[in-house]
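> sequence first, predicted model second:
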Amino acid sequence: LFGMLSMPALAQDSAALEVFNSTRLEYNRQGMWILGFWALLNLLIGTIRGFQTRGQVQVQAFHQMNAYWNVVNLGIAVFGFWQASQVAVLNFWEVLLAQQEIEKILLANAALDFGYIALGLYLIERGRRTEKDKWLGFGKSIVLQGAFLLLFDVILYGFQQQLGIDLVELGKSLVVLVEK
């Protein structure tokens with residue numbers, strides 16, 4: 001009798017878990033669309049402007065690095081979108097692990113983004129000291145890319161962290177059902 005009484009509640013929580021997981025994956029897909037758009041924009045502008053600015057070493061280096069950097073961003077965006085588009089029926093623990101994994105990845109990426117910014121600032125300083133315009137252009141590009149990625153990762157982390165809080169609340173309701 002107890003099992004029959006709690007079945008509708010478990011079905012509701014199962015539906016809530018499915019909605020949660022869909023939302024988590026949709027956030028990831030949307031993030032990858034944004035990253036992919038940024039990458040394509042930088043590839044297009046960087047490539048065109050890289051050819052148009054021959055003779056202006058610093059400007060050309062800036063645009064070239066934007067294009068080079070975003071080849072990697074585009075690869076990440078395509079793989080991330082593909083991964084977020086894979087539909088899988090997950091239980092609560094699998095969803096919890098996947099949620100914790102994306103949060104950790106975004107935090108690690110944010111730390112790397114600070115490293116990119118620092119590298120760019122180093123290249124700018126090095127370019128000034130050695131009077132190498134190419135290093136100045138590369139450094140400015142890397143600062144821009146690192147700043148964008150930092151903003152991107154922090155915003156996506158904020159959305160994912162809130163989802164993680166919601167998942168913990170959902171988990172508490174599942175525990176209450178099991179204990180009853």
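That came in fine, so what should we check first? Numbering: from 1, shown residues only.

> ranges for the helices of this structure?
2-52, 57-85, 92-130, 133-179 (DSSP state H).

> low pLDDT regions in the protein?
1-13, 87, 89, 174-180 (pLDDT under 70).

> can you do 80?
Applying pLDDT under 80 to the chain flags residues 1-14, 87-90, 172-180.

> so which bits of stretch 94-103 are buried?
Residues of stretch 94-103 classed as buried: 95-96, 98-99, 102-103 (neighbour count, 16 or more other CB atoms under 10 Å). Bear in mind the C-beta positions are built from the backbone N, C-alpha and C, glycine included.

> quick one: contacts for the residue nearest the centre of the chain?
For the chain, the residue sitting closest to the mean C-alpha position, by CA atoms, centre = their mean, is Asp153 at 5.0 Å. Residues near Asp153 by CB atoms under 8 Å, 6 or more residues apart in numbering: 106-107, 109-110, 113.

> would CSV of the residues you listed with distance to Gln56 be doable?
Compiled in CSV, the contacts of Asp153 are given as follows (distance: CB to CB, whole Å):
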residue, distance to Gln56
Leu106, 37
Leu107, 38
Asn109, 32
Ala110, 33
Asp113, 28
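
> and of those residues, the nearest to Asn21?
Closest approach to Asn21 among those (CB to CB): Leu106, at 17.4 Å.

> thinking again about what came up before, make CSV out of the buried residues of stretch 94-103 and add distance to Ala84.
Converted to CSV, these look like this (distance: CB to CB, whole Å):
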residue, distance to Ala84
Val95, 14
Leu96, 17
Ala98, 10
Gln99, 13
Ile102, 9
Glu103, 15
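
> now, among the residues you listed, which is nearest to Gln52?
Ile102 (39.1 Å).

> show me what contacts the residue nearest to the closest one when sequence neighbours are not counted?
Excluding the flanking residues, the one nearest Ile102 by CB to CB, 6 or more residues apart in numbering is Gln160, at 5.4 Å. Contact analysis of Gln160 by CB under 8 Å, 6+ apart lists 24, 27, 99, 102-103, 106.

> now with 10 Å, please.
24, 27-28, 31, 99-100, 102-103, 105-107 (CB atoms under 10 Å, 6 or more residues apart in numbering).
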